[in-house]
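In: Could you look at this predicted model? Sequence included:
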Amino acid sequence: MKIRIKNNSLRYRLTRSEVEAFARDGIFKEKIQIGDDALTYILQRTAQTELSASFKNNIITILVPQKMADEWTGTNKVGFEHKTDQLHLLVERDFTCLDNVDEDQSDNYPNPLAAEKS
């Protein structure tokens, strides 16, 4: 799972196997060690009705309402978002890049724009 933080925006991008794990388990988490500390970022299904996020004890959690999670994991929907005055949340499928990159993209979703580029 990739995380992008820019200004007041937080975005998670998940590969096929990560979306499958989230669909199955209701949670997906990753952790990065930075020196003596770590940052954990989590996508978690919730009974709440609105997409929300929290940051406590070096853990970023995006909470996804059950209905939204089921629709996303059970269809071809690219992602979902929620905007407030303070924060813009976005969760989406990770597509292969159209440019050459030095990262393994074998688990990414096929980019729908790839046909237009060829």
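Out: Cool, the structure landed.
In: For the rest of this, base every contact and every neighbour count on C-alpha atoms.
Out: Noted.
In: Show me what the mean pLDDT comes to for stretch 25-40.
Out: When pLDDT is averaged over stretch 25-40, the result is 97.
In: tell me which residues in that stretch are buried?
Out: Applying a neighbour-count criterion of 16 or more other C-alpha atoms under 10 Å, one finds Gly26, Ile27, Phe28, Lys29, Thr40 buried in stretch 25-40.
In: With stretch 43-60 instead?
Out: Leu43, Gln44, Arg45, Thr46, Leu51, Ser52, Ala53, Ile59, Ile60.
In: Next step: those residues restricted to helices.
Out: Mapping the buried residues of stretch 43-60 onto helices (DSSP state H) picks out no residues; all lie outside.
In: which residues does the closest residue to Asn8 other than its chain neighbours contact?
Out: Counting by C-alpha to C-alpha, 6 or more residues apart in numbering, Asn8 lies nearest to Leu87, which is 5.0 Å off, once chain neighbours are set aside. Residues in contact with Leu87, defined by C-alpha atoms under 8 Å, 6 or more residues apart in numbering, are Asn8, Ser9, Leu10.
In: Among those, name the buried ones.
Out: Buried members of the contacts of Leu87, scored by 16+ other C-alpha under 10 Å, are Leu10.
In: so, if you compare the contacts of Leu87, which one comes nearest to Asn111?
Out: Using C-alpha to C-alpha, Leu10 is the member of the contacts of Leu87 that sits closest to Asn111, with 21.7 Å.
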